[in-house]
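>>> fold the following.
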Amino acid sequence: MIWPGDTAMKTTVVIDEALLQEAMEAARVKTKREAIETGLRELVRRKNMEAFRRELGTFDIELSLEELERLRSDE
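Reported below is the predicted structural model:
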């Protein structure tokens with residue numbers, strides 16, 4: 001959906017019809033546009049998650065299950 005202030009463009013691309021149909025079924029959408037936009041959003045979401053994980057890094061937390069549950073219940 002295009003919201004006020006958003007931009008959109010009309011473009012022509014060559015897309016494998018079988019792949020597009022499969023994407024439409026997988027995404028449970030009715031239009032080619034919805035399938036393409038859903039795929040693009042998912043790609044961006046995954047890339048953002050990868051970047052977030054890289055930035056977060058890894059760290060060790062030495063908590064038992066009981067300690068973790070207690071911390072969660074204290075919130």
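>>> go through stretch 49-62 and flag the buried ones.
By neighbour count on 16 or more other C-beta atoms under 10 Å, the buried set for stretch 49-62 is empty. Glycine gets a C-beta too; all of them are placed from N, C-alpha and C.
>>> for stretch 31-48, same thing?
35-36, 38-39.
>>> what's in contact with that stretch?
15, 20, 23-24, 27, 29 (C-beta atoms under 8 Å, 6 or more residues apart in numbering).
>>> one step back: what two of the buried residues of stretch 31-48 have the greatest distance between them?
36 and 38 (7.3 Å; C-beta to C-beta).
>>> secondary structure and pLDDT for the buried residues of stretch 31-48 - can I get that in a markdown table?
Below are the buried residues of stretch 31-48 laid out as a markdown table (DSSP: H, G, I helix; E, B strand; the rest coil; pLDDT from 0 to 100):
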| residue | secondary structure | pLDDT |
| --- | --- | --- |
| 35 | helix | 98 |
| 36 | helix | 96 |
| 38 | helix | 97 |
| 39 | helix | 97 |
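>>> just give me the closest of these to residue 67.
Nearest member of those to residue 67, counting by C-beta to C-beta, is residue 38, at 40.6 Å.
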